[in-house]
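*Asks:* give me a model of this one.
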Amino acid sequence: MPEGIDPEGTATCGPGSERGIDSSPIDARGSRVFVPPRLGWILVVSAAVLVGLALRIHGLTGNTIWVDEADAIRIASMSLSEIPLALAHDTQPPLYYALLHAWIAIFGDGVAAVRSLSVLCGVLLIPAAALLARRVGGARSGMAAAWLMAASPFAVQFSQETRMYMLLPLLATLALERLIVFLHRGDRGALVAHAALMAAAFYTHNWGLLILPASALMVALYPGSRRTGWSLAAGSAVLTYLPWLPVLAQQAGSPAYGWVEKVQTLPAWELPLRSMIIFAWGVGTAGGPVRTVLLGIPGVVVAVAWCVLIGFAVLAAEDRRAAAALLIGMATPLLLASVYSGIVRPVYVAGRHEIMVLPVAIALAACGASVLLRGQSLTILITAWVSMLAFASYSFTSDIQRRTPEKDLADRLAPLLERGDRLVFTGLHRAAMEYYLRRQGAAYEGSSFPPDVASHQGWYDDSLYAPDDPDLVAAARSHCPSAGARTWIVATRTRTAGILVGQIRACARATAPLAHLGYPYYSLILAQPNPQPGIAR
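*Replies:* Okay, here's the model as predicted:
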């Protein structure tokens, strides 16, 4: 058997790559017990999976459901035929929502239940990253990648979010792993699987589309026969996506992506660099700022070291072409998204979307580490590295990261609501509040102001509405309570909310019984109309 090829026909990083992290157990007399290489690899990766599972379920329900999660639950709770229509006002494709729909039907919509789908994807990503690293760097690279993936704070964080940010990298990692197998062996079954996984990624997140150009550049490194086969497979994946193109065009022309411009303030050229820092030592942004475990220069130094390991994986691999192809698969989505964000419109949120290629970066870094170090040296490095990452992940999930007001207000408001009450939401409070109100069995008639916000509860832009719009004013007046009825308003400090509250105060008596909570909004109980129209009491 040629040096640099393992029994499964995959490339290895440097000579003696099967030596390194020694997974053979020791008996009571101190003698090394023989364990077959495949079984040893499985045992080490399985141990990493267990640790990764423990990190991902720790503190799983500590944070309240926030707007993005609540909106995902809202859409997933619709019928399968309604989900695509609802997403036309959003920014994402439907696959994750369809899976969450089925998941909720089986396990319910409790906090732990709706987040456990992401936990499952996050746990499956550990062996997926290990397998990808093994394909390019051999068994010890795969074992190192499994542990790094298990402990990564970035991955642990998004494994606790009811969003598609763990399904996307799982599909992308498996798609690239199957592509590497096809490019190496010409395996048609791997090519078919690659095409199916790529199409699934297209339908999971719009960033999934970037796998297509990344894969095309990877294939360009290989002979023409590989390119022909891949072109046919990629064409089939694109054909499966064509029915969604009209919805994608509608999403691209809507203001839905406006939130990215407000969240993402970094210059476009800096985004990939910031992503590498997050990959190495950070957590992402999900209702809060991007955070790194090591601040300032130390964080940059560690990120540079990470990049050096990736460089060694490419320069020193026995199969440099496979390692270079994987580097292209990692870098292309980051660079294309950065260029698009700088020239067209922002779509790259550092600390969120680029998680798609985190496992690829981990696989390359693990391969680079196995090139530089041998035996116990590699074991010591990976153990220390994983221990620090695991501590950072545990610390992150031990603290409350989001203190959103919707649950507290829903808990206090639910006992006060009576059948027939109208509850009007402004801003982005509706999805999360209704999630908690629904679980408490509260009875009310819900609506949004402005009315069209009911169809896009995951994003809102107050600047889209003119304060003197007669239709907007008329919509505000329509919420004036009739005789014997009550209207509650969850109002934000926005112009549109001010219009609504102003019109209501002109037609009804208003009180604020929950103002003492101190949140940046107020709730109004509106009784029957005033005896004299236009006079507020």
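
*Asks:* only C-alpha atoms for contact and neighbour calcs from this point on.
*Replies:* Noted.

*Asks:* point to the residue nearest the middle of the protein.
*Replies:* The chain has Tyr165 as the residue nearest its centroid, 2.0 Å off, counting by CA atoms, centre = their mean.

*Asks:* wait, it touches Ile355, no?
*Replies:* Yes: using CA atoms under 8 Å, Tyr165 is in contact with Ile355, at 7.0 Å.

*Asks:* got the contact list for Gly59?
*Replies:* Counting by CA atoms under 8 Å, 6 or more residues apart in numbering, Gly59 touches 397-398.

*Asks:* now it: how far from Tyr348?
*Replies:* 28 Å (CA to CA, to the nearest Å).

*Asks:* same check on His194?
*Replies:* 25 Å.

*Asks:* so which of these two has more stuff around it?
*Replies:* His194 (29 against 26; other CA atoms under 10 Å).

*Asks:* the helix or strand harbouring that one - what's its average pLDDT?
*Replies:* Secondary structure from DSSP states H and E places His194 in helix 188-202. Across helix 188-202, the average pLDDT comes to 97.

*Asks:* packing partners for that helix?
*Replies:* Counting contacts by 3 or more CA pairs under 8 Å, 6 or more residues apart in numbering; DSSP states H and E, helix 188-202 packs against helix 167-185, helix 224-241.

*Asks:* redo the ones you listed as CSV? Include mean pLDDT.
*Replies:* Below are those laid out as CSV (pLDDT from 0 to 100):
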stretch, mean pLDDT
helix 167-185, 97
helix 224-241, 96
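
*Asks:* so which of the ones you listed is the most packed in?
*Replies:* Of all the helices and strands packed on helix 188-202, helix 167-185 has the most neighbours on average by mean count of other CA atoms under 10 Å, namely a mean of 24.

*Asks:* could I have that helix exported to PDB, CA atoms only?
*Replies:* Output of helix 167-185 as PDB, limited to C-alpha atoms (Å, rounded to 0.1, in the frame of the first residue of the first chain):
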ATOM      1  CA  LEU A 167     -28.200  22.100   9.900                       C
ATOM      2  CA  LEU A 168     -26.400  24.300   7.400                       C
ATOM      3  CA  PRO A 169     -22.800  23.300   8.300                       C
ATOM      4  CA  LEU A 170     -23.800  19.700   8.800                       C
ATOM      5  CA  LEU A 171     -25.100  19.500   5.200                       C
ATOM      6  CA  ALA A 172     -22.100  21.500   3.900                       C
ATOM      7  CA  THR A 173     -19.600  19.400   5.600                       C
ATOM      8  CA  LEU A 174     -21.100  16.200   4.400                       C
ATOM      9  CA  ALA A 175     -21.400  17.600   0.900                       C
ATOM     10  CA  LEU A 176     -17.700  18.500   0.800                       C
ATOM     11  CA  GLU A 177     -16.700  15.200   2.300                       C
ATOM     12  CA  ARG A 178     -18.600  13.300  -0.400                       C
ATOM     13  CA  LEU A 179     -17.000  15.600  -3.000                       C
ATOM     14  CA  ILE A 180     -13.500  14.800  -1.700                       C
ATOM     15  CA  VAL A 181     -14.300  11.000  -2.000                       C
ATOM     16  CA  PHE A 182     -15.500  11.400  -5.500                       C
ATOM     17  CA  LEU A 183     -12.500  13.500  -6.600                       C
ATOM     18  CA  HIS A 184     -10.200  10.900  -5.000                       C
ATOM     19  CA  ARG A 185     -11.900   7.700  -6.100                       C
END
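
*Asks:* now do that helix: distance to the chain's middle.
*Replies:* Remark: helix 167-185 is offset 19 Å from the chain centroid, using CA atoms, centre = their mean, to the nearest Å.

*Asks:* for stretch 410-430, same thing?
*Replies:* For stretch 410-430, the gap between its own C-alpha mean and the chain's C-alpha mean amounts to 29 Å (CA atoms, centre = their mean).

*Asks:* how long is it from one end to the other?
*Replies:* With CA to CA applied, stretch 410-430 spans 10 Å between its terminal residues.

*Asks:* Ala474: how many residues sit nearby?
*Replies:* By other CA under 10 Å, 12 other residues sit near Ala474.

*Asks:* what about it, helix or strand, and which?
*Replies:* Here Ala474, judged by DSSP H and E, is contained in helix 470-477.

*Asks:* give me the next element, helix or strand, following that helix.
*Replies:* Assigned by DSSP H and E, the successor of helix 470-477 is strand 487-491.

*Asks:* for that following strand, packing partners?
*Replies:* Checking 3+ CA pairs under 8 Å, 6+ apart, strand 487-491 ends up next to strand 422-426, helix 495-507, strand 522-529.

*Asks:* quick check: mean pLDDT of it?
*Replies:* 89.

*Asks:* again with stretch 470-482
*Replies:* 92.

*Asks:* show me the shaky parts of the chain.
*Replies:* 1-36, 286-299, 516-537 (pLDDT under 70).

*Asks:* relative to Leu43, how far out is the residue nearest to Phe107 when sequence neighbours are not counted?
*Replies:* Spatial nearest neighbour of Phe107, excluding adjacent residues (CA to CA, 6 or more residues apart in numbering): Ala113 at 5.9 Å. Distance, Ala113 to Leu43, using CA to CA: 29 Å.

*Asks:* same question for Leu245.
*Replies:* Counting by CA to CA, the gap from Leu245 to Leu43 is 44 Å.

*Asks:* again with Leu124
*Replies:* 15 Å.
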